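Participant: Sharing a model prediction with you, sequence too.
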Protein chains: 2
Amino acid sequence: MTDEMVRDPTLMSCPLPLDDYPTVVLAHGGGGTFSRMLTEQVFLPAFGGEELAELHDGAVIEVEGGRLAVSTDTFVIHPLFFPGGDIASLAVHGTVNDLAMCGARPLSLAVGWILEEGFPMADLWRLAVSMGQAARAADVRIITGDTKVVDRGKGDGVFINTTGIGFVPEGVDISPRRAHPGDAVLVSGPIGTHGIAIMSVREGLEFETALETDSAALWAPVQSLLTSLGHELHVLRDPTRGGVASALNEIAASAGVGVLLDETAIPVEQEVKAACEILGLDPLYVANEGKLVAVVPEHRADQALAALQSNPLCRRAARIGTVVSDHPGRVFMRSRVGGIRIVEMLSGEQLPRIC
Amino acid sequence: MTDEMVRDPTLMSCPLPLDDYPTVVLAHGGGGTFSRMLTEQVFLPAFGGEELAELHDGAVIEVEGGRLAVSTDTFVIHPLFFPGGDIASLAVHGTVNDLAMCGARPLSLAVGWILEEGFPMADLWRLAVSMGQAARAADVRIITGDTKVVDRGKGDGVFINTTGIGFVPEGVDISPRRAHPGDAVLVSGPIGTHGIAIMSVREGLEFETALETDSAALWAPVQSLLTSLGHELHVLRDPTRGGVASALNEIAASAGVGVLLDETAIPVEQEVKAACEILGLDPLYVANEGKLVAVVPEHRADQALAALQSNPLCRRAARIGTVVSDHPGRVFMRSRVGGIRIVEMLSGEQLPRIC
C-alpha cells in the first residue's frame, strides 16, 4: 500500500481478499472476528483515515461550548448505485445538508450499516470508498460506526443511517418560524433532478444527455450565505422527500405565513421536465439532494442570490417567490398563464425509496 | 387527553385512529402529510415531550465545552417483542450504555426508524411508547429522528438506529488500553441472560421461571463507579454481541495484556446455564445488554465491587478475573476442575440478530 493509496482509497483494491470472502455473511454482524475483519479490512481503509482506529463502540470528540446541531437520516434508496452517486455518498450529503440547513458547520458523522446476507463484498467496498470520498470532500470526519447483518430476504442489500454533529456559529438564527411577510424565497438551482435521475433508472427512461443526481454537500453555499447575510438569513431548508412543495408548506405552517411562487421563475432542467411529463409527476414534489431553499429579507435578496451563484453548485440559483401575509400556512403558485393555484403538501407517495 | 396521560403515554391509546390507519404504508416514509401524521400522532405523543415539537430535520442543543461521547447502534433484533423488553427499549439501552462505557453521562438521542410496509400501526405505537419510557427512565432526551418505509418483503417489520451524545466529565479516562497487569476484572451481574431470553423465545424453550432480558440502562452504576474510583476506573465495556469473551479479547488486544478468568467466579443464572447446555452455547459468548465489564486497579477492586453492588441492577456483581502480563492479547480461563483453556474471540456467528 503506497502513501498515495492511503490518501486515496479509490486507487486501491479491497484489502479483504474478495475471492475468500465474496459476500456478506451473518457473522459479519456478530461482533466477533468477522465483524472485526469488516471494520479493519473494509471500512477503515476505505474511509482512508485513522479516525476510527480505536474501534471502540463510541468516539469522544472535543468541542467548544456553544450550540451543536444534531441530525439523523436513514437511507433506503433503490437502486443502490445510480447515475452520479450511490447510497453511501447520498448518506453523507443528506446528513451534512441537514446540518447545514441549521446553519451548522458539519464536524462529525456516525454511520450505521444494515447489510443483507449475500450482498457482494466488492459492492460494499465500492460503497465504503464512496462514503470516505464524500466525507473528505465535505470536510467531515467519520468518527464511529456500527454494522448489522440481516438474513437474506429480510433487507434489501444495504440500508445506511448517518447521524451528523455540527457546530452552529454564534449569531446564526435559522428557523422555519422566521419566514416574514415580504421575504424573498430563493432556490439554489434547478429542482427535481435527483428524483428524476433515480426514476429514470428504475423506469428505464433514456435521454439525449445523461441525467445525473444533483446529490452534493451544501455547506459551502450556506457558508457564503451566512458570510453575506449573517443573522438576516431567516430560513434554510433542503427540499428532499416531498420536494420544494412540501418544504415550503412546512415553512408556511411553522411561520404562519403564506408563500406565493412564480412558476416561470422556477428552474427545472429540460430532461427533468420531459421525464415528469412522461411519468405524470410535478417537479415541485420531486426529491432533491443537492439543492436548498432560502428565505431572506427582500432588501437582501439580490445579495443572497449573488452569494449563492458565487458557488459552482448554485450557478443557476433563482428567486422563485415571496412570503405573504395572506392565507397563512398555505403555498400558492402563479402559473405560466397567470392563474393562481394552491400547492398542497405532498399527500400519499409519488416516489418511494428516493433517499 | 389528561395531564397524567401526557406525562405517561402508556396510559393512553394511540392518537392516530388505528381503524383508519391499521398498518404502515409507503407514504408514511414519503416526507409529506403521511410522514407528518406519523410524527405528530404517533412519535411525539408516545415520546411524551415537546422535545421534537419543532419537527425540523435537525435539532440544536446547547453544550458546555469539553469532551462529548458519540455512539451509534443499529438494532435488527428478532423477534421485535421479547420477555422483558422490545427492540425500542433495547435501542435506548444499547446506545445509552455505549455512552456510559465511555464514562459519558447520556444527554441526547437521535432515532432513525426503518419500517416495513404493512407493519401493524398498533405495534408501532407500542414500540414508540416503550422507547419514550426507556428514554425517560434513562434521563436522556430524544431530540431528533427520521422514518423511512421500505416495501413489503424488503425489511423485517422494524429496524431502529439510535445515536447518542453524552458528556464526559473532566478527569474521566476510560479506555481499553488502560488495562494494566495486576488489575481486577469485574462483571456487574450474571451473564448471557439477554441472549438466552431471545433464543428461548425463538426456540420455544420453556423454563420454570420466566427468563427475561437483562436489558437496562447502565449509567447509574457507572456513575457509582466514577464517584468511587474517579480516574482509577481504567476500562468499561458492555459485553453485547460476542459476549464477555469477545469484550475481554478486545481489551486484551488493545492494551497488549493477558486476561485470566476464574470460571467458578463467573455469575450465570441457572436457567441460562440449562438453556446453554440444550442449545450447545457457552454463556461467555452470549450477548448481554444490561451488564458491564470493568477493569480496576487491584487495590480498588473491593471498593469498585461495593459501588456496583449498591445499585439494584448490579447486586450480583462479581470479580471474575485478573489482568496479567503473560500472553498479551489473549484471554484464558481456569476451569472448575483446575485446567486452563484459551478463551478465543467469537468466530463465526452463534446468535444472529440478538440486538
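Facilitator: Now that the structure is in, tell me what you want to look at.
Participant: And A:Ala59, how far from B:Leu127?
Facilitator: To B:Leu127, A:Ala59 is 28 Å away according to CB to CB, to the nearest Å. Backbone N, C-alpha and C define where each C-beta goes, glycine included.
Participant: These two: which is more packed in?
Facilitator: B:Leu127 (25 against 21; other CB atoms under 10 Å in any protein chain shown).
Participant: isn't that one right next to B:Ile77, touching?
Facilitator: No: contact criterion CB atoms under 8 Å: B:Leu127 and B:Ile77 do not qualify, at 11.6 Å.
Participant: which neighbours do these two share?
Facilitator: Residues within reach of B:Leu127 and of B:Ile77 at once, by CB atoms under 8 Å, 6 or more residues apart in numbering or on different chains, are B:Ile87.
Participant: Now do the buried residues in stretch A:162-172.
Facilitator: Applying a neighbour-count criterion of 16 or more other CB atoms under 10 Å in any protein chain shown, the buried positions in stretch A:162-172 are A:Thr162, A:Thr163, A:Gly164, A:Ile165, A:Gly166, A:Phe167, A:Val168, A:Val172.
Participant: tell me the two of the residues you listed that are most distant?
Facilitator: Using CB to CB, the two most remote members of the buried residues of stretch A:162-172 are A:Thr162 and A:Val172, lying 22.2 Å apart.
Participant: Mind checking the pLDDT average for stretch A:280-295?
Facilitator: Mean pLDDT, stretch A:280-295: 96.
Participant: How far off centre is that stretch?
Facilitator: 12 Å (CA atoms, centre = their mean, to the nearest Å).
Participant: For it, measure first residue to last.
Facilitator: End-to-end distance for stretch A:280-295: 29 Å, by CA to CA, to the nearest Å.
Participant: Stretch A:135-152 now?
Facilitator: 29 Å.
Participant: How about stretch A:71-91?
Facilitator: 12 Å.
Participant: Contacts (any at all) between chain B and that stretch?
Facilitator: Yes: Stretch A:71-91 lies within reach of chain B by CB under 8 Å from any CB of the partner chain, at A:Ser71, A:Thr72, A:Asp73, A:Thr74, A:Phe75, A:Val76.
Participant: Quick check: buried residues in that stretch?
Facilitator: A:71-78, A:80, A:82, A:84-91.
Participant: Tell me the gap between it and the middle of its chain.
Facilitator: 9 Å.
Participant: And for stretch A:243-253?
Facilitator: The answer for stretch A:243-253 is 17 Å, by CA atoms, centre = their mean.
Participant: what's that stretch in contact with?
Facilitator: So stretch A:243-253 is in contact with A:176, A:179, A:185, A:187, A:191-192, A:195, A:235, A:237-239, A:257-259, A:261, A:266, A:282-288, A:293, A:295, A:320-321, A:328-331, A:343-346, B:31-32, B:55, going by CB under 8 Å, 6+ apart.
Participant: Please pick the buried ones from these.
Facilitator: For the contacts of stretch A:243-253, buried by 16+ other CB under 10 Å: A:176, A:179, A:185, A:187, A:191-192, A:195, A:235, A:237-239, A:257-259, A:261, A:266, A:283-288, A:293, A:295, A:320-321, A:330-331, A:343, A:345-346, B:31-32, B:55.
Participant: Just those residues: which are in helices?
Facilitator: A:Gly195 (DSSP state H).
Participant: so how far is A:Leu284 from the residue of the stretch 251-355 of chain A found nearest chain B?
Facilitator: Across the stretch 251-355 of chain A, the shortest distance to chain B (CB to the nearest CB) belongs to A:Leu346, at 3.0 Å. Taking CB to CB as the measure, A:Leu346 falls 9 Å from A:Leu284.
Participant: same deal with A:Arg237?
Facilitator: Taking CB to CB, one finds A:Arg237 at 14 Å from A:Leu284.
Participant: residues from the stretch 151-300 of chain A in reach of chain B?
Facilitator: A:151, A:153-156, A:159, A:161, A:163-166, A:168, A:175-176, A:238, A:240-242, A:246, A:250, A:254, A:287.
Participant: Would you mind listing the residues in contact with the most centrally placed residue in chain A?
Facilitator: Nearest to the mean C-alpha position of chain A, by CA atoms, centre = their mean, lies A:Gly94 at 2.4 Å. By CB under 8 Å, 6+ apart, A:Gly94 lies in contact with A:Asp73, A:Phe75, A:Thr162, A:Thr240, A:Glu289, A:Cys355.
Participant: isn't A:Thr162 right up against A:Trp113?
Facilitator: No: contact criterion CB under 8 Å: A:Thr162 and A:Trp113 do not qualify, at 10.0 Å.
Participant: returning to what we had before: check contacts around the residue of the stretch 251-355 of chain A closest to chain B.
Facilitator: Here A:Leu346 is in contact with A:Arg241, A:Gly242, A:Gly243, A:Ala245, A:Ser246, A:Tyr285, B:Gly30, B:Gly31, B:Gly32, B:Thr33 (criterion: CB under 8 Å, 6+ apart).
Participant: Phi first, then psi, for it.
Facilitator: Note on A:Leu346: its backbone torsions stand at phi -60, psi 130 [degrees, to the nearest 10].
Participant: next one: the one 4 residues further on
Facilitator: As for A:Gln350, its main-chain torsions (degrees, to the nearest 10) stand at phi -90, psi -50.
Participant: Relative to chain B, which residue of the stretch 101-250 of chain A is the closest?
Facilitator: A:Arg241 (2.6 Å).
Participant: For stretch A:319-336, which outside residues touch it?
Facilitator: By CB under 8 Å, 6+ apart, stretch A:319-336 touches A:179-187, A:244-245, A:248-249, A:252-253, A:255-266, A:284, A:295, A:298, A:301, A:305, A:340-344.
Participant: in the stretch 51-200 of chain A, which spans are helices?
Facilitator: Assigned by DSSP state H, counting those that start in this stretch, the helices in the stretch 51-200 of chain A fall at A:87-100, A:121-137, A:193-203.
Participant: The first one relative to helix A:121-137, how many degrees between them?
Facilitator: When axes from the mean of the first three to the mean of the last three CA atoms, to 10 degrees is applied, the directions of helix A:87-100 and helix A:121-137 differ by 30 degrees.
Participant: Centre of the chain to helix A:87-100, how far?
Facilitator: 4 Å.
Participant: Between the two ends of stretch A:151-162, what distance do you get?
Facilitator: Note: stretch A:151-162 ends 22 Å apart using CA to CA.
Participant: Tell me where the model's unsure across the stretch 51-200 of chain A.
Facilitator: Across the stretch 51-200 of chain A, residues meeting the criterion (pLDDT under 70) sit at A:51-57.
Participant: Quick check: the residue nearest to A:Leu99 when sequence neighbours are not counted vs B:Leu99, distance?
Facilitator: Leaving aside its chain neighbours, A:Leu99 sits nearest to A:Gly166 (3.7 Å; criterion: CB to CB, 6 or more residues apart in numbering or on different chains). Per CB to CB, A:Gly166 is found 19 Å from B:Leu99.
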